[in-house]
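Peer 1: have a look at this prediction, sequence included:
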Amino acid sequence: MMRVLFVSDLTLERNKVGGAQLSNSFIVERGKQLGHEIVEHDYESSIVDFLSTYDLLISSNLEVISNRSPEKLNFILKHPNHVRIEHDSCSYLQQETRKSLFKSSKKNFFLSKYHISFFRELYGDFFENIEIVYDPIDTDIFSLKDTPKIYDVVYCGYIHPLKGSDNLIKFARNNPDRTLDVFGWSSTQSPDDLKKYFQTKSNINYRGVVEHEEIASVFQQSKALFHNPLVREPFCRMVAEALLCGVEELIGDKNKIGSYLEFQDVGYENFKDGCKNATTKFWDKVSS
């Protein structure tokens, strides 16, 4: 049993729809099941947390923490047993700080082979002690099911220009014969604003926000998923969940979506196993 400090900008409590927060919560839950005592620290937590003794420090997203409380980042860099879970591109850090963060870590967890490949392309080949662990997904819920396909093209997630919202509008405009159903949320627009915005497009239906588990039913009844982001996707939970539910057509730039590339590389069953057992693999690797 270990005493663990888990440091990330946001917890699932603060951001119930965040993919990174959901993945981290699964890891924390599995760690507690294994008997570990885990203290979760976010950007509003007191620095007093760092003054206790921990057997293990896990760091995740640190953009807000590094900007508002750089002294916390110094504690992380000095911890003798620190492991890193990278969810994004870590572009918010200066190169030397980024290098120090990853080189100080005993293990560096990335979400896909594509994820580590673009890190090396962007930042250099200094990453060591690498482990590839997928985003954990409940494959009992996100699974194949023989249901009628009532949706043509769907998008289920965060609605933002960097996530390709403008590309979605462009696709709808250029493909009037296809109908898009959008399930999602925005940090800058209310559900009512989003509904008004999408209502101006005759072949887009805005369905609002639904519970995460309900998305499985949407995917199981969908022919295609649209996702054409401007940013590189290290994994992309939305795409992974759609693939596990049997969505056959992905519309977008497939070459910058880590989960799609992994799925094509390893096949359905191996991909499913990697998502199902991700938290177990994580803690096994931490302990080895």
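Peer 2: That came in fine, so what should we check first? The model shown is predicted, which means the values in this text are computed figures rather than measured ones.

Peer 1: in stretch 243-260, what counts as buried?
Peer 2: Buried residues in stretch 243-260, counted by 16 or more other CB atoms under 10 Å: 243-247, 250-253, 256-260. (Glycine included, C-beta is placed from N, CA and C.)

Peer 1: what about it, start to end distance?
Peer 2: Terminal residues of stretch 243-260 are spaced 8 Å apart (CA to CA, to the nearest Å).

Peer 1: quick check: mean pLDDT of that stretch?
Peer 2: Throughout stretch 243-260, pLDDT has a mean value of 97.

Peer 1: chain center to it, what's the gap?
Peer 2: 15 Å (CA atoms, centre = their mean, to the nearest Å).

Peer 1: between the buried residues of stretch 243-260, which is closest to residue 151?
Peer 2: Proximity of those to residue 151 (CB to CB) peaks at residue 247, which lies at 9.5 Å.

Peer 1: look up phi and psi at that closest one.
Peer 2: Torsion angles at residue 247 (phi, psi; degrees, to the nearest 10) stand at phi -70, psi 120.

Peer 1: does it touch residue 227 like I think?
Peer 2: No - contact criterion CB atoms under 8 Å: residue 247 and residue 227 do not qualify, at 10.6 Å.

Peer 1: and the buried residues of stretch 243-260, which two are furthest apart?
Peer 2: Every pair of the buried residues of stretch 243-260 checked by CB to CB; the farthest is 246 and 256, at 22.8 Å.

Peer 1: next secondary structure after the biggest strand by length in the chain?
Peer 2: The strand spanning the most residues in the chain, taking DSSP state E as the definition, is strand 151-158. Remark: after strand 151-158, the chain's next helix or strand is helix 165-174, criterion DSSP states H and E.

Peer 1: can you tell me what sits against that next one?
Peer 2: For helix 165-174, contacts defined as CB atoms under 8 Å, 6 or more residues apart in numbering pick out 155, 159, 178, 180, 182, 201, 203-204, 226, 228-230, 251-252.

Peer 1: pull up the pairing partners for the helix or strand just after that helix, direction included.
Peer 2: Next along the chain after helix 165-174, taking DSSP H and E as the criterion, comes strand 180-185. Paired with strand 180-185 in the same sheet, following DSSP bridges, are strand 151-158 (parallel), strand 204-208 (parallel).

Peer 1: just these: most buried one?
Peer 2: Highest mean neighbour count among the strands paired with strand 180-185 (mean count of other CB atoms under 10 Å): strand 151-158, with a mean of 22.

Peer 1: the stretch 101-250 of the chain: strands as residue ranges?
Peer 2: 107-110, 130-132, 151-158, 180-185, 204-208, 222-226, 249-251 (DSSP state E, counting those that start in this stretch).

Peer 1: circling back: put the alpha carbons of the longest strand of the chain into CSV.
Peer 2: Extracted in CSV, the C-alpha atoms of strand 151-158 (Å, rounded to 0.1, in the frame of the first residue of the first chain):
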residue,chain,number,x,y,z
TYR,A,151,-28.3,8.4,-36.8
ASP,A,152,-26.3,9.1,-39.9
VAL,A,153,-23.3,11.2,-38.6
VAL,A,154,-22.8,12.2,-35.0
TYR,A,155,-20.5,14.3,-32.9
CYS,A,156,-20.4,13.7,-29.2
GLY,A,157,-18.1,16.0,-27.2
TYR,A,158,-16.6,19.4,-26.5
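
Peer 1: any idea of the angle that strand forms with strand 222-226?
Peer 2: Counting by axes from the mean of the first three to the mean of the last three CA atoms, to 10 degrees, strand 151-158 lies at 40 degrees to strand 222-226.

Peer 1: for the record, mean pLDDT for strand 151-158?
Peer 2: 96.

Peer 1: how about stretch 78-97?
Peer 2: Rounded mean pLDDT across stretch 78-97 is 97.

Peer 1: got the end-to-end distance for it?
Peer 2: 13 Å.

Peer 1: now do the buried residues in it.
Peer 2: 79, 82, 83, 84, 85, 86, 87, 88, 90, 93, 97.

Peer 1: again, but for stretch 11-29
Peer 2: So for stretch 11-29, counting by 16+ other CB under 10 Å, buried means 11-12, 18-28.

Peer 1: that concludes my questions; thank you for your assistance.
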